[in-house]
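Colleague: Coordinates for the following, if possible.
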Amino acid sequence: MLNDSAQRRSILRHEQTHFDLVEVHARRMRSAFRDLAHPCTLSDTELSAMAERFSQEEKAEQRRYDDETNHGLLADKQAGWNAAVARRLAQ
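Modeller: Model (predicted):
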């Protein structure tokens, strides 16, 4: 499969969207922590729980992405995800 340049590009694009999803979620997490009114009043446990929630949301979306695109094999679904994630990054 990797001998075919079109398939290599397709796989690379799929993996790039995984990477881009991580960035989307990292931005959400940074924004949430930046917007905390009084972060020093929160305990380490509370802050860790917030971070864990964002991490779990990212992992769930990564799984949904793979499921919906069949790991990049469904070209129309892959194109949809590529466009949607690109829009989210552009915000």
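Colleague: switch to C-alpha atoms for all contacts and neighbour counts from now on
Modeller: Noted.
Colleague: Please state the offset of the helix ranked longest in the chain from the chain centre?
Modeller: If you go by DSSP state H, the chain has its longest helix at helix 5-34. With Cα atoms, centre = their mean, to the nearest Å as the basis, helix 5-34 stands 5 Å off its chain's centre.
Colleague: Could you do stretch 24-37 as well?
Modeller: Averaging C-alpha positions (Cα atoms, centre = their mean) puts stretch 24-37 14 Å from its chain's average.
Colleague: So that it lines up with my notes, have the first residue be 847 from now on.
Modeller: Got it, first residue is 847 now, which makes that one stretch 870-883.
Colleague: can you pull the buried residues of it?
Modeller: V870, H871, A872, M875 (16 or more other Cα atoms under 10 Å).
Colleague: Quickly note the distance from the first one to S877.
Modeller: In this case it means V870. Between V870 and S877 the computed distance is 11 Å (Cα to Cα, to the nearest Å).
Colleague: And the residue nearest the centre of this protein?
Modeller: Centroid-nearest residue in the chain: L867, 2.0 Å away (criterion: Cα atoms, centre = their mean).
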